[in-house]
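>>> Let me see the structure of the following:
(one chain, ligands or ions: 1)
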Amino acid sequence: MTAYDAKFVAPPAMPELFRQLDPVPRLLMGPGPVDLYPRVLRAMSVAIQGQFDPQFTALMNQSMALYCGVFRTGNAQTFMIDGTARAGIEACLASIVAPGDKVLVPIFGRFGHLKVEIARRVRAEVVSEEIEWGTVFSPDRIEDLVKKHRPKVVAICQGDTSATMLQPLAEIGAICRRHDALLYVDCTASLAGNVFETDDWQIDIASSGLQKCLSGPPGIAPITFNERVVDILKHRKHVEQGIRAPGVVEGNGPIIQSNYFDLAMLMDYWSPRRLNHHTEAASMLYAARECALVVLEEGLEAGIARHRLASKALRAGLEAMDLTLFGDPTHRMSNVTGIIIPKLIKDSERVRAEMLNDFGIEIGTSFGPLHGRIWRIGTMGYVCAKPNILRCLASFEAVLRRSGYAAPAGKAVDAAYAVYGEVAA
Ligand SMILES: Cc1ncc(COP(=O)(O)O)c(C=O)c1O
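Numbering: from 1, shown residues only. Take a look at the predicted model:
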C-alpha cells in the first residue's frame with residue numbers, strides 16, 4: 001500500500017485487512033443461509049453481461065420458465081426481485097396494497113410480524129392474529145378471520161423458520177376466493193423442500209429466497225403472481241418520466257409507493273418490451289437460474305423426499321439423545337428442526353459456539369418468545385445429506401456432554417443410520 005492509499009486505510013489492529021478472502025470452511029446447518037450447491041458457486045463466477053444483451057435476456061427468460069416449475073405455476077409473471085427475501089415480500093405487498101387497504105396477517109412466528117411491519121409501512125390497515133409459536137392456523141380459523149375482517153389481502157408464511165412450523169395452505173386460497181381477498185404467501189423458508197402448489201392452491205402471489213432449500217446465496221428473490229394481481233398492477237401503473245415511451249398506458253389508481261419494488265414497472269422490465277428499470281444483478285440471476293436447474297434436475301418430488309428423510313434421521317438421532325423436539329409434530333417443516341434446550345444446559349450459546357469453533361458446524365439460535373428456549377438445526381438443499389446429518393449428531397452429542405448433558409453415547413448416530421436403513425453388523 002502506498003502512503004497515498006494509507007491516508008484513510010490506517011487500521012489500528014487489522015493485520016488481515018489485505019489478506020485474500022479465505023474463510024475457515026463451515027457446515028451451515030442453521031435456519032439459513034446454508035451451503036451453496038458447488039454448481040451455483042461456479043455459475044456466479046461466470047462473466048456478467050449487460051441486461052439488454054440478447055444472450056442475457058435469454059437467460060432471464062429461461063429463469064422465468066424454470067421458476068414456473070419450482071413454484072408449480074403457469075403464471076407468465078414469474079421473475080426475480082434483486083434483494084434478499086424480504087425484498088420479495090416488500091415488492092409484493094407494496095405493489096398490491098394501497099394506503100388504507102385492509103391486510104390480514106395470521107402470525108405464527110417472527111416472519112408474520114415482518115409482514116405486519118411491511119404492510120404498515122405501505123400504510124395498510126393491518127389486522128392480525130398471533131397464535132402460540134409451534135402451532136399453525138386451522139383453515140376454519142382463517143375463514144373466521146377473513147369473514148370477520150373482510151381484508152383485501154391475506155398475507156401469510158408457509159414455513160416460518162423462527163417457529164419451525166409449516167402452515168397448511170391447500171384450503172386457504174379457496175377461502176380467499178370465496179371472500180374476494182387476495183392470497184399472498186411467503187415461501188422463502190419452505191420452497192423446494194416442502195410441497196408448494198401455487199396454482200392448485202389458488203395462491204395469487206408468492207415470493208421466496210434462495211438461501212434455504214434452494215441452496216443459493218441470499219440476495220435475489222423469485223416471485224410469481226397471477227392475472228388477478230396483474231389487474232391491480234395495471235390500475236396502479238406509473239412509468240418513470242425518464243424512460244416513458246409514447247403509447248404507454250398508465251393506470252389511474254394510487255401510485256405504488258416504492259420505485260425499486262414497483263411490480264408494474266418490473267413486469268415491463270421482464271417482458272419482451274424490456275423497459276429499463278434497474279441494472280439486473282447478473283451474478284445473482286445466474287445463481288438463481290442454476291439453483292432452479294439443480295432442483296428440477298433432481299425432481300421436486302425427489303428433493304422434497306430427501307428433505308423429509310434427512311429431517312427424519314436428524315430427529316430420530318436427537319430423540320435418541322433424549323432431547324425433546326419443539327412444536328406440533330404434525331406440522332413441522334421438513335427442513336428446520338427445533339430442539340428444546342434441556343434445563344441442565346446453563347449456557348446454550350456456549351453449545352452453539354463449540355459446534356462452530358470446534359466442529360465447524362453452524363446451528364441456529366432463536367427469537368422472540370423462543371429466545372433461549374430452543375436451538376434450530378436446518379437440513380436444507382446441498383446440506384441435506386446423510387454425511388452431514390451424521391456429522392452434526394456426533395458433534396452435537398460431544399458438545400452437549402461438555403456442557404453437562406450426557407446423552408447415551410453413540411445412540412444418536414445409530415438412530416439416524418437406522419432411518420437410512422443401515423443397521424450396524
Ligand atoms: C419465512 C421467511 N421470510 C422472510 C425471511 C427474510 O429473508 P431475508 O433475510 O433474506 O430478507 C426469512 C429468513 O429467514 C424467512 O425465513
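>>> can you tell me if the helix or strand where residue 106 lies touches the ligand.
Applying DSSP states H and E as the criterion places residue 106 in strand 102-107. No. Strand 102-107 lies out of reach of the ligand by C-beta under 6 Å from any ligand atom, never closer than 11.9 Å. (Each C-beta comes from the backbone N, C-alpha and C, glycine too.)
>>> Then stretch 210-230?
Yes. With C-beta under 6 Å from any ligand atom as the measure, stretch 210-230 is seen reaching the ligand through residue 218.
>>> This structure against the ligand: which residues are in contact?
32, 84-86, 111, 157, 160-161, 186, 188-189, 209, 218.
>>> Return the residues in contact with residue 269.
275, 276, 277, 278 (C-beta atoms under 8 Å, 6 or more residues apart in numbering).
>>> Give me the domain ranges for the protein.
38-295, 299-419 (automatic domain parsing).
>>> any chance of those in TSV, plus mean pLDDT?
Below are those laid out as TSV (pLDDT from 0 to 100):
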stretch	mean pLDDT
domain 38-295	97
domain 299-419	97
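>>> residues near the residue lying closest to residue 418 once chain neighbours are set aside, how many?
Leaving out its chain neighbours, the residue that sits closest to residue 418 by C-beta to C-beta, 6 or more residues apart in numbering is residue 316, at 6.9 Å. A count of neighbours around residue 316, defined by other C-beta atoms under 10 Å, yields 20.
>>> swap in the one 5 residues further on?
Residue 321 has 22 neighbouring residues, counting by other C-beta under 10 Å.
>>> From residue 340, how far off is it?
12 Å (C-beta to C-beta, to the nearest Å).
>>> residue boundaries of the helices in the stretch 251-400 of the chain?
In the stretch 251-400 of the chain, the helices defined using DSSP state H, counting those that start in this stretch lie at 263-269, 282-298, 300-320, 348-359, 386-402.
>>> Which residue ranges of the protein form strands?
Secondary structure of the chain (DSSP state E): strands at 27-28, 77-82, 102-107, 125-130, 153-157, 159-160, 165-166, 182-186, 205-207, 220-225, 336-340, 361-362, 374-378.
>>> Run through the neighbouring helices and strands of the last one.
In other words, strand 374-378. Helices and strands touching strand 374-378, as assessed by 3 or more C-beta pairs under 8 Å, 6 or more residues apart in numbering; DSSP states H and E, comprise strand 336-340, helix 348-359.
>>> would CSV of the ones you listed with mean neighbour count be doable?
Output for the helices and strands packed on strand 374-378, formatted as CSV (neighbours: other C-beta atoms under 10 Å):
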stretch, mean neighbour count
strand 336-340, 25
helix 348-359, 16
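>>> burial of residue 199, as a residue count?
Neighbour number of residue 199 under other C-beta under 10 Å is 15.
>>> quick one: the nearest residue to it once chain neighbours are set aside and the ligand, what's the gap?
The spatially closest residue to residue 199, leaving aside those adjacent along the chain, is residue 73, at 4.9 Å (C-beta to C-beta, 6+ apart). To the ligand, residue 73 is 19 Å away according to C-beta to the nearest ligand atom, to the nearest Å.
>>> same deal with residue 357?
23 Å.
>>> ok, now residue 151?
Taking C-beta to the nearest ligand atom, one finds residue 151 at 20 Å from the ligand.
>>> and what of residue 140?
24 Å.
>>> Show the end-to-end separation of stretch 18-30, please.
30 Å (C-alpha to C-alpha, to the nearest Å).
>>> chain center to it, what's the gap?
Centroid displacement of stretch 18-30 relative to its chain, using C-alpha atoms, centre = their mean, to the nearest Å, is 22 Å.
>>> what does stretch 264-271 give?
Per C-alpha atoms, centre = their mean, the centroid offset for stretch 264-271 relative to its chain is 23 Å.
>>> same check, this time on stretch 139-146
Counting by C-alpha atoms, centre = their mean, stretch 139-146 comes out at 25 Å from the chain centroid.
>>> in that stretch, what counts as buried?
142, 143, 145, 146 (16 or more other C-beta atoms under 10 Å).
>>> Stretch 71-89 too?
71-73, 75-89.
>>> Could you do stretch 272-283 as well?
For stretch 272-283, by 16+ other C-beta under 10 Å, it's 275, 277, 280, 281, 282, 283.
>>> Let me know whether residue 240 touches residue 265 as I believe.
Yes. Shown here, residue 240 and residue 265 form a contact pair, counting by C-beta atoms under 8 Å, at 7.1 Å.
>>> which neighbours do those two share?
residue 259.
>>> In contact with the residue positioned nearest the centre of the chain, which residues are there?
Compute the mean C-alpha point of the chain, and by C-alpha atoms, centre = their mean the closest residue is residue 188, 2.2 Å away. Contacts for residue 188 (C-beta under 8 Å, 6+ apart) come out as 85, 88, 89, 111, 157, 159, 207, 208, 209, 212, 221.
>>> Against residue 118, how distant is the third one?
In this case it means residue 89. From residue 89 to residue 118 the distance is 6 Å (C-beta to C-beta).
>>> what's the answer for the last one, then?
With distances taken as C-beta to C-beta, residue 221 is found 13 Å from residue 118.
>>> residues bridging contact with those two, i.e. touching both?
In contact with both residue 221 and residue 118: 86, 89, using C-beta under 8 Å, 6+ apart.
>>> Give me the more crowded residue out of those two.
Per other C-beta under 10 Å, whichever of residue 221 and residue 118 has more neighbours is residue 221, with 27 against 22.
>>> is it true that the more buried one touches residue 87?
Yes. With contact defined as C-beta under 8 Å, residue 221 and residue 87 form a contacting pair (5.2 Å).
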